[in-house]
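Peer 1: pasting the sequence and the predicted coordinates here, then a few questions.
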Number of protein chains: 2
Amino acid sequence: MSLSAVSLRGLPEVRAGDDLAALLSGAGAPFRGGDVLVVAHKVVSKAEGRVRDLADVEPGPRARELAARLERDPRHVQAVLDEAVEVLREERALICRTRHGFVCANAGVDASNAGARDRVVLLPEDPDASARRLRARLGELAGARPAVIISDSFGRAWRHGQAEVAIGCAGLRPLDDWRGRPDSGGRELRATWIAVADEAAAAADLARAGKDAGEPAVVIRGLERFVTPEDGPGATALLRPSAEDLFV
Amino acid sequence: MSLSAVSLRGLPEVRAGDDLAALLSGAGAPFRGGDVLVVAHKVVSKAEGRVRDLADVEPGPRARELAARLERDPRHVQAVLDEAVEVLREERALICRTRHGFVCANAGVDASNAGARDRVVLLPEDPDASARRLRARLGELAGARPAVIISDSFGRAWRHGQAEVAIGCAGLRPLDDWRGRPDSGGRELRATWIAVADEAAAAADLARAGKDAGEPAVVIRGLERFVTPEDGPGATALLRPSAEDLFV
């Protein structure tokens, strides 16, 4: 088996209201059915207008207290709290559960590559819906309709560094379930349940030149077996409900 | 930029004492300098004799108690406890810190694809050393000396499914540190520290046909910028010290 991941070049700076699918269709080789297009959420968020200028953010008392302790901009902390339904940890970093159910630093609110000083980019309102819309629009424009993953880089408990994960997807089985199926010796596999969409997001990240290179979109080939005609359950299927989680 | 990942075919069942580098050199295209070879730990562990027959394991009182509660084989639980320095959670699953410092289910002790019923595979004693040895021996046999990653699939807090991560590596910068470097707008990137070795392990996993296919080794091209002449710090650099971790 083999896999290839190629980044799309020449995508312009994305602004609110832009037709991202049209920009992506213009940036690279034509898509084929069975392709998986991985798009860094930042350009999706920008196209959807999911940015905030910190000048418009009025920090409340909790944001001021946390900002003083963590040596942060209190307006940025307020923007984080506005996106969080729960703050799991507030020592050294703000580990939050977002309204979507993702657990990540700063509730996904990020000031880097925001396009302007004192501006932050938020996660899309509903990243699975964003992926479905992007997929449908690509189908209209490009003929072939790739599966779409929207990704962000998340830190991990117990490990240094961040890895790219899927926060939205459409047209892809996000999980490959081998539980109960036999291994190569015929023995039942107990706990093998592969987070395909997250691994694809990680693979795409390695095909980008760097965090400063403006290459937010990557086409992966070789995952046809996970691509589906229907949009499917989305990256929501990757969320472990908090009641089931051992680390809260 | 682009990335390719191709699995090696035709690797035989690996047994204790086998020269894994020779088997890998015989299985695929010749390696090139700059290649990254990702090997599932299971074949490394088997070659190193890191397996246990459960018939030889005498479960103690703690293993019996946990096994009764979790509905497990008490001998398997004892094998897990023998590899763990700390059990972080023991409800529903055994989340352990291994002697190496990895936090994962069952301390990495796994009965699937073990090669025989009532046998379990352990993690290598020192996976970074295993990667260094494999790299050196491949250099002797194949001329070119690829970077080597030894991988395992770990569950994640807050997310369903498992993703492949690096538990050992040699000849690769495991982390790409963008902290303090500028983004595309010249603004300092605050928290961008990419777990390259983990993302490469994830990419390799997608190039395997399946958990029953016996394709434990994958060659990745396109990561030359992370490949180093020296063996480097290994996957140990990916471990967050428990004193720094927010989730213990």
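Peer 2: Perfect, thanks for sending it.
Peer 1: buried sites along stretch A:32-46?
Peer 2: Neighbour counts over stretch A:32-46 (16 or more other C-beta atoms under 10 Å in any protein chain shown) mark A:34-46 as buried. Just so you know, the C-beta spots here come from the backbone N, C-alpha and C atoms, and that holds for glycine as well.
Peer 1: can you lay out those residues as a markdown table showing secondary structure, pLDDT and distance to chain B?
Peer 2: Output for the buried residues of stretch A:32-46, formatted as a markdown table (DSSP: H, G, I helix; E, B strand; the rest coil; pLDDT from 0 to 100; distance: C-beta to the nearest C-beta, whole Å):
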| residue | secondary structure | pLDDT | distance to chain B |
| --- | --- | --- | --- |
| A:Gly34 | coil | 95 | 14 |
| A:Asp35 | coil | 96 | 14 |
| A:Val36 | strand | 98 | 10 |
| A:Leu37 | strand | 97 | 14 |
| A:Val38 | strand | 97 | 12 |
| A:Val39 | strand | 97 | 16 |
| A:Ala40 | strand | 96 | 12 |
| A:His41 | helix | 96 | 14 |
| A:Lys42 | helix | 94 | 10 |
| A:Val43 | helix | 95 | 12 |
| A:Val44 | helix | 97 | 16 |
| A:Ser45 | helix | 97 | 15 |
| A:Lys46 | helix | 95 | 12 |
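Peer 1: pLDDT averaged over the stretch of helix or strand A:Asp82 belongs to, what's the number?
Peer 2: Using DSSP states H and E, A:Asp82 falls within helix A:74-83. Mean per-residue pLDDT for helix A:74-83: 97.
Peer 1: could you dump the very next helix or strand once past it to PDB, C-alpha only?
Peer 2: Using DSSP H and E, the helix or strand that directly follows helix A:74-83 along the chain is strand A:84-89. What follows is strand A:84-89, C-alpha atoms only, in PDB (Å, rounded to 0.1, in the frame of the first residue of the first chain):
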ATOM      1  CA  ALA A  84     -15.000  27.400  26.100                       C
ATOM      2  CA  VAL A  85     -17.700  25.600  27.900                       C
ATOM      3  CA  GLU A  86     -15.300  24.300  30.500                       C
ATOM      4  CA  VAL A  87     -11.700  25.100  31.600                       C
ATOM      5  CA  LEU A  88     -10.100  21.800  32.600                       C
ATOM      6  CA  ARG A  89      -6.700  23.300  33.600                       C
END
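Peer 1: outside of strand A:84-89, which residues touch it?
Peer 2: Here strand A:84-89 makes contact (C-beta atoms under 8 Å, 6 or more residues apart in numbering or on different chains) with A:81, A:94-99, A:103, A:107, A:248, B:246-247.
Peer 1: cutoff 7 Å now
Peer 2: By C-beta atoms under 7 Å, 6 or more residues apart in numbering or on different chains, the residues outside strand A:84-89 that reach it are A:94-99, A:103, A:107, A:248, B:246.
Peer 1: which residues sit in contact with the residue most central in space within chain A?
Peer 2: Centroid-nearest residue in chain A: A:Ser151, 2.3 Å away (criterion: C-alpha atoms, centre = their mean). A:Ser151 makes contact with A:38, A:40-41, A:164-167, A:201, A:204 under the criterion C-beta under 7 Å, 6+ apart.
Peer 1: what is the longest helix along chain A packed up against?
Peer 2: Taking DSSP state H as the criterion, chain A has its longest helix at helix A:127-142. Contacts defined by 3 or more C-beta pairs under 7 Å, 6 or more residues apart in numbering or on different chains; DSSP states H and E place helix A:127-142 against helix A:20-27, strand A:147-156, strand A:159-170.
Peer 1: and the gap between the residue lying closest to A:Glu91 once chain neighbours are set aside and A:Arg97?
Peer 2: Spatial nearest neighbour of A:Glu91, excluding adjacent residues (C-beta to C-beta, 6 or more residues apart in numbering or on different chains): B:Leu246 at 6.5 Å. Remark: distance between B:Leu246 and A:Arg97 (C-beta to C-beta, to the nearest Å) = 14 Å.
Peer 1: who has more neighbours, the two?
Peer 2: Neighbour count, other C-beta atoms under 10 Å in any protein chain shown: between B:Leu246 and A:Arg97, A:Arg97 has more, with 21 against 16.
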